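Student: would you be able to build a 3D model of this:
(one chain, ligands or ions: 2)
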Amino acid sequence: DRSLKIAPSILAADFAAFGAECRAVEDQGADWIHVDVMDGHFVPNLTFGPAMCAALRPHIRTVMDVHLMIAPVDPYIEAFAKAGADIITAHVEAGPHIHRTLQAIRGAGAKAGLALNPGTGIEAVPHLLDMVDLICVMTVNPGFGGQSFIASQVAKVRALREMIGDRPIHLQIDGGVTPETAPLVAEAGADVLVAGSAVFRGGSVSDPAPYGANMRAI
Ligand code: DX5
Ligand code: ZN
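Tutor: Ligands and ions are numbered 1, 2, ... in the order given. Below you'll find the predicted structure:
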């Protein structure tokens, strides 16, 4: 399905109300829920791990899209799969054996995603095309929400769209997505837009209507 999908990142939601936030944003039209896992080592910030994902699972009706910003990845794959992740995305920069990691993700029963930091080229991707269900182009340096979109990544999106061809692989953008930047990446061929601050701004669990308006604006 190549239609444009919005995946709100709960990194920008109320951490004390994640379950209700997931339901609220889905009620407002979210296509997937993007879950940012950070380890304070691969990225300079900490969020949460598989236990939080398992707790969230019953509150997500759509797709639980788990973005692992952790290193190493392999020791935790089974736990995130058991927690109910539909998609588990690992960074190519997270270790020397991304091929093994992607194999392990599929082996655990989840869809496999491959994320590329802004400073990383696409030369590894052709060797991994048969093993991925999603490629995530980071349009900010991972670690924090609310950063500015790095426009040089649009050319990378375009090149990856061409490389993917008609394979059933999602092309995801993560970071700095706003009503201004979304058209740039959509035009370049992205089909899943992660957005944190742009979706959650101005709303709350008790008044989620702005979430819907924000998503429609993207
Ligand atoms: C960044 C995370 C993103 C982040 C995006 O490290 O991977 O998913 O939540 O936040 P915004 O949309 O605010 O840039
Ligand atoms: Zn993310």
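
Student: now do the helix or strand hosting L184: distance to the chain's middle.
Tutor: Per DSSP states H and E, L184 falls inside helix 182-188. Distance, stretch centre to chain centre, for helix 182-188: 16 Å (Cα atoms, centre = their mean, to the nearest Å).

Student: just stretch 162-181 next, same as before
Tutor: 11 Å.

Student: that stretch spans what distance, first to last residue?
Tutor: Stretch 162-181 has an end-to-end distance of 20 Å (criterion: Cα to Cα, to the nearest Å).

Student: could you give the mean pLDDT of that stretch?
Tutor: Average pLDDT, stretch 162-181: 98.

Student: now do the buried residues in it.
Tutor: I164, I169, H170, L171, Q172, I173, D174, G175, G176, V177, T181 (16 or more other Cβ atoms under 10 Å). Placement of C-beta: from N, CA and C, glycine included.

Student: could you export the residues you listed as TSV, including secondary structure?
Tutor: What follows is the buried residues of stretch 162-181, written out as TSV (DSSP: H, G, I helix; E, B strand; the rest coil):
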residue	secondary structure
I164	helix
I169	coil
H170	strand
L171	strand
Q172	strand
I173	strand
D174	strand
G175	coil
G176	coil
V177	coil
T181	coil
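
Student: against ligand 1, which of the residues you listed make the cut? List them.
Tutor: By Cβ under 6 Å from any ligand atom, the members of the buried residues of stretch 162-181 lying near ligand 1 are D174, G175, G176, V177.

Student: okay, the buried residues of stretch 162-181 in a markdown table with distance to G143 next?
Tutor: Formatted as a markdown table, those follow (distance: Cβ to Cβ, whole Å):
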| residue | distance to G143 |
| --- | --- |
| I164 | 27 |
| I169 | 25 |
| H170 | 23 |
| L171 | 22 |
| Q172 | 17 |
| I173 | 17 |
| D174 | 12 |
| G175 | 10 |
| G176 | 13 |
| V177 | 16 |
| T181 | 19 |
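
Student: closest to ligand 2 out of the residues you listed?
Tutor: In terms of Cβ to the ion, no member of those lies closer to ligand 2 than D174, at 4.4 Å.

Student: and the residue of the chain closest to ligand 2?
Tutor: H67 (3.7 Å).

Student: in contact with that residue, which residues?
Tutor: H67 is in contact with H34, V35, D36, V37, T89, G113, A115, C136, D174, V194, counting by Cβ atoms under 8 Å, 6 or more residues apart in numbering.

Student: which of those sits closest to G143?
Tutor: D36 (9.3 Å; Cβ to Cβ).

Student: which SSE is that closest one in?
Tutor: Assigned by DSSP H and E, D36 belongs to strand 33-38.

Student: and that strand, what does it pack against?
Tutor: Counting contacts by 3 or more Cβ pairs under 8 Å, 6 or more residues apart in numbering; DSSP states H and E, strand 33-38 is packed against strand 5-8, helix 18-27, helix 50-56, strand 64-69.

Student: break down this structure into its strands, ranges please.
Tutor: Using DSSP state E, the strands found in the chain span residues 5-8, 33-38, 64-69, 87-91, 111-116, 134-138, 170-174, 192-195.

Student: just put these in TSV and tack on distance to Q153.
Tutor: Below are the strands of the chain laid out as TSV (distance: least, Cβ to Cβ, whole Å):
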stretch	distance to Q153
strand 5-8	17
strand 33-38	17
strand 64-69	16
strand 87-91	15
strand 111-116	9
strand 134-138	6
strand 170-174	8
strand 192-195	13
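
Student: kind regards, and thank you for your time.
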